[in-house]
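*Asks:* no FASTA, just this:
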């Protein structure tokens, strides 16, 4: 099974800061990597699919990059409404589909 | 606009089964590759299984093999997930999730809290 190692597990940053989250796959997953945002008590929301493609309606301060086994998710300027937990997810060579452990983002 | 509407919260005793529903609107259930994801209290997301259009079959996480069944009713555009032999470890919010590409979840149900308690 492909394991997804996400880091950090939590972070605290100021409004306007650049925030970076990394996700490492245990083997090459090509471009089959998505990022989700989950706010408390809500379902996850797709932000980025296939490494770097922004879902319709998602603000441009969110971005993704990477290839193979190493991927990065960035919020260029953290806003108060970005407080949430973020998950990476791979879907190469199912089953299984796997999620990273999540990164909880808080405001300092 | 696609909406996935799930049934209400459930409380079950250990050893029982639970069947959660996910009603699709805006598309037919066969136009979407439906998957199920669960989240235990305070924990991360865990994929349970879903439809693989490449094989035309439903695939399950090994952890749930033999204990989970995912089905669809095309007459009502509703997907179902049934989990049997429940234990307290199955206490979680269960989400249906889908999208235009299997494995990319553009659409999510609101979630179903299932509590397993004696």
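*Replies:* Ah, there it is. Because the structure is a prediction, the values reported are computed rather than measured.
*Asks:* what sits against the residue of chain A found nearest chain B?
*Replies:* At 3.0 Å from chain B, residue A:91 is the closest residue in chain A, using C-beta to the nearest C-beta. Where you see a C-beta, it was placed from the backbone N, CA and C, and this is true even at glycine. Residues near residue A:91 by C-beta atoms under 8 Å, 6 or more residues apart in numbering or on different chains: A:32, A:34, A:97, B:102, B:103, B:104.
*Asks:* you'd agree the third one is up against residue B:45?
*Replies:* No. Residue A:97 lies out of contact with residue B:45 (C-beta atoms under 8 Å); the separation is 9.9 Å.
*Asks:* Mark which of the contacts of residue A:91 are buried, thanks.
*Replies:* Neighbour-count burial (16 or more other C-beta atoms under 10 Å in any protein chain shown) is assigned, among the contacts of residue A:91, to A:32, A:34, A:97, B:102, B:103, B:104.
*Asks:* State the pLDDT value of the last one.
*Replies:* Okay, so that is residue B:104. Note on residue B:104: pLDDT of 95.
*Asks:* Please report the distance of the residue lying closest to it once chain neighbours are set aside from residue A:31.
*Replies:* Leaving out its chain neighbours, the residue that sits closest to residue B:104 by C-beta to C-beta, 6 or more residues apart in numbering or on different chains is residue A:49, at 4.9 Å. For residue A:49, the distance to residue A:31 equals 9 Å [C-beta to C-beta, to the nearest Å].
*Asks:* again with residue B:1
*Replies:* For residue B:1 relative to residue A:31 (C-beta to C-beta), the value is 27 Å.
*Asks:* Next: residue B:42.
*Replies:* 32 Å.
*Asks:* Just want to know which of these two has more residues nearby.
*Replies:* residue A:31 (14 against 5; other C-beta atoms under 10 Å in any protein chain shown).
*Asks:* close enough to count as contact, that one and residue A:48?
*Replies:* No. Using C-beta under 8 Å, residue A:31 is not in contact with residue A:48; the gap is 11.4 Å.
*Asks:* Over in chain B, which residue gets nearest chain A? Let me know.
*Replies:* For chain B, C-beta to the nearest C-beta, closest residue to chain A: residue B:103, 3.0 Å.
*Asks:* Could I get the contacting residues of that residue?
*Replies:* Contacts of residue B:103 by C-beta under 8 Å, 6+ apart are A:32, A:34, A:91, A:94, A:97, B:33, B:35, B:50.
*Asks:* could you redo the last one with a cut-off of 10 Å?
*Replies:* A:32, A:34, A:49, A:89-92, A:94, A:97, B:33, B:35, B:47, B:50, B:52-53, B:97 (C-beta atoms under 10 Å, 6 or more residues apart in numbering or on different chains).
*Asks:* Quick check: PyMOL command selecting the buried ones in these.
*Replies:* The buried residues among those can be selected in PyMOL (16+ other C-beta under 10 Å) with this line:
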select buried, (chain A and resi 32+34+49+89+90+91+92+94+97) or (chain B and resi 33+35+47+50+52+97)
